[in-house]
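S.K.: The sequence and its predicted three-dimensional model are supplied below.
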Amino acid sequence: MRLVINQPAERMDRPYARRWWALLVLCLSLLIIVMANTALTVAAPAMTEDLGLTSADLQWVIDGYTVPYAALMLLLGAIGDKYSRRGALVLGLVVFAGGSVFGYLADSAATVIAARAVMGAGAAMIMPATLSLLAATFPRAERAKAITLWTATAGLAIAAGPLVAGALLEDHGWSSTFLINVPVAVLALLGAFVLVPPSKAADRGRVDYGGGLLSVVWIAALVYMIIEGPHFGWGATAVTAAVVTGAGLVAFVLWELRHPRPLLDVRRFTHRGFAGSNLAVALFFLAVFGAFYYLTQHLQFVLGYDALDTGLRMLPLAGAVFVGAALTALLTPRVGMKWTVTAGMVGGTAALALLTRVDATSSYGDFVAPLVVLGLSIGLALSPCTDAIMGAFPESKLGVGGAVNDTSLELGGSLGIAILGSLLATSYSGHLSDATAGSKLPASSLSTAQDSVGAGYAVAQGIGDKARQLAEQAAHTGDPRQAERLRAQAEQLGGGARQMADAVGSAFSDAVAHTSLIGAVILGVGTLVVALLLPGRQQTTQEPVEEPVEESQELESSGVR
């Protein structure tokens, strides 16, 4: 047996014997690109303090990864199809690991953002390659089961990122969280050569670079607009991004409709199953990423858990994902994807609805049920959608299929953090203003506290520190009157600090409840739309999506219409 496998998956006359080991390599590759975002959520407070990040800096540290990741996937997926899907995976792992080392060495906001952008470019090669290699390696009869495990890995990564990062932060600085990715990337890199067979499209036509460039422009502008507008206001840059998004999208659609070999045949989106599956993925990750964004903050700031404890308390989500994935593997063949996907989205809506009960008295126990329900829902809904999206593409365009699925996922996640994050900030600011009305808190301190829950507690801590300083002065002064006056001021400030901390916690809890309500409404309405779009189990394709025979046959066999 050769150490490096060189026989292409397409030339094997029987299913690849070590395909489940190959899936482990693909899941490891997926694990690090999801963990790169979730680990950052618990490292962000330490990074902010060490580098003196502004709220805008921190936002771009988080989203500097997202822009290249989302924008490049379609083009890089097509290039991987043509030249080498395994090559795309390997190159992506190298770039991702290099960006991680760069992030470890970074010592300023600009260098951290640059490192995250490099990692995002690497992720844009890895993500579609994992799905295209999975689809090329597994026979169609086993593909749904493999995709279910792939999806479960994504759920595990959501919880594993904070857990591993929290463990590192116990004894190391925030920069160590970047190094989580390096050993896993090296292991996946070696496994790719030993266990993953090479694969590329049998049809070696030219890549539609014109469509690829247009896709990069309009998706990058869209993600930038999603980030910039809600968080920093609809100024000239956000409006310009919106205009570029609209113009770029129109140009992309027109180009693809006229191109003889389009990067992505946009006519696919007129088919209910394909459009419904992509919408379900986007909406679900809008809810998941949005909820994860504010739940980790609530656990850390309001309930006072450190990074490791926060990671541990997200584990019910990961465990529930695996249970949900096992259920969908049993249910989907029996009742059809329409019902499992709809049930998953209903469960996600219910999880957000449960979070509307959060208030200032809530403990961790109040979050367990929403986390479990959300995890079960992820497992139920996402793998059938991914299977349907991948099944809508011929073997020659599996990389593009994976990129479409992953772009929907990433755009949904970006929208979730932007929309729900913006609503959270607005609601928190308003509730804090109401809670502190009539207090003697300086306007500048209130403005600072309204910036974020972390800033609010920092203001309360600053007041408390001032109270302790006055108490120490009172203890050491020889003048009784002066000591009495200082003690009175210290008591007044100490009471103000406690009131401020209580107001911050109450305002943020109320904001979580309010934001969860909006999220539940969005996902609930989306669930109805998806349920109407997804075809029933007995419905079949009535017309081909594209003229080439191979593609229409693929669509018929997948049941996508």
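M.R.: Cool, got the structure. Values in this document were obtained by computation on a predicted structure and should not be read as measured data.

S.K.: Regarding Gly519, what are the backbone dihedral angles?
M.R.: For Gly519, the backbone dihedrals (degrees, to the nearest 10) come out as phi -60, psi -40.

S.K.: Quick check, it in contact with Phe292.
M.R.: No: Gly519 is not in contact with Phe292 according to Cβ atoms under 8 Å; the separation is 11.4 Å. Every residue, glycine included, has its C-beta placed from N, CA and C.

S.K.: how close does Met119 get to Val101?
M.R.: Between Met119 and Val101 the distance is 10 Å, computed by Cβ to Cβ, to the nearest Å.

S.K.: These two: which is more packed in?
M.R.: Comparing Met119 with Val101 by other Cβ atoms under 10 Å, the one with more neighbours is Met119, at 28 against 15.

S.K.: Quick check: pLDDT value at that one.
M.R.: You'll see Met119 listed with a pLDDT of 96.

S.K.: Name the helix or strand for it, please.
M.R.: According to DSSP states H and E, Met119 maps onto helix 109-137.

S.K.: For Gly464, the count of nearby residues, please.
M.R.: Neighbourhood size, Gly464 [other Cβ under 10 Å]: 17.

S.K.: whoops, I mixed them up, Asp479
M.R.: Applying other Cβ under 10 Å, we find 10 residues neighbouring Asp479.

S.K.: same thing with Gln489?
M.R.: 16.

S.K.: which regions of the stretch 451-561 of the chain sit below the pLDDT cut-off?
M.R.: For the stretch 451-561 of the chain, the stretches flagged by pLDDT under 70 are 537-561.

S.K.: where along it do the helices fall?
M.R.: Counting by DSSP state H, counting those that start in this stretch, the stretch 451-561 of the chain has helices at residues 453-476, 480-533, 549-558.

S.K.: of those, which approaches Ala435 most closely?
M.R.: With Cβ to Cβ as the criterion, Ala435 lies closest to helix 480-533 of these, at 3.8 Å.

S.K.: Which other helices and strands does the closest one contact?
M.R.: Secondary-structure packing of helix 480-533 (3 or more Cβ pairs under 8 Å, 6 or more residues apart in numbering; DSSP states H and E): helix 272-297, helix 337-354, helix 421-435, helix 453-476.

S.K.: Check the offset of that helix from the chain's centre.
M.R.: Offset of helix 480-533 from its chain centre (Cα atoms, centre = their mean, to the nearest Å): 25 Å.

S.K.: can you check stretch 210-224 too?
M.R.: In terms of Cα atoms, centre = their mean, the centre of stretch 210-224 is set 19 Å apart from its chain centre.

S.K.: What of stretch 182-190?
M.R.: Offset of stretch 182-190 from its chain centre (Cα atoms, centre = their mean): 22 Å.

S.K.: go on, stretch 251-258?
M.R.: Here stretch 251-258 is found 29 Å from its chain centre; the criterion is Cα atoms, centre = their mean.

S.K.: next one: stretch 235-255
M.R.: So, by Cα atoms, centre = their mean, the centroid of stretch 235-255 is 23 Å from its chain's centroid.

S.K.: Use 19 as the first number for this chain going forward.
M.R.: All right, first residue 19 from here; so that's stretch 253-273.

S.K.: Burial check on the closest residue to Asn24 other than its chain neighbours, number of neighbours?
M.R.: What sits nearest to Asn24 in space, not counting adjacent residues and going by Cβ to Cβ, 6 or more residues apart in numbering, is Pro216, at 6.6 Å. Residues within reach of Pro216, counting by other Cβ under 10 Å, total 22.

S.K.: before we move on, which element is Pro216 in?
M.R.: Using DSSP H and E, Pro216 sits within no helix or strand.

S.K.: Dihedrals phi and psi, it?
M.R.: According to degrees, to the nearest 10, Pro216 has phi -70, psi 160.

S.K.: got a list of what it touches?
M.R.: Contacts for Pro216 (Cβ atoms under 8 Å, 6 or more residues apart in numbering) come out as 23-27, 102-105.

S.K.: Apply 10 Å and report the result again.
M.R.: By Cβ atoms under 10 Å, 6 or more residues apart in numbering, the residues touching Pro216 are 22-29, 102-105, 107-108, 151, 154, 210.

S.K.: Gly266 too?
M.R.: Listed by Cβ under 10 Å, 6+ apart, the contact partners of Gly266 are 231-240.

S.K.: Lovely, talk soon.
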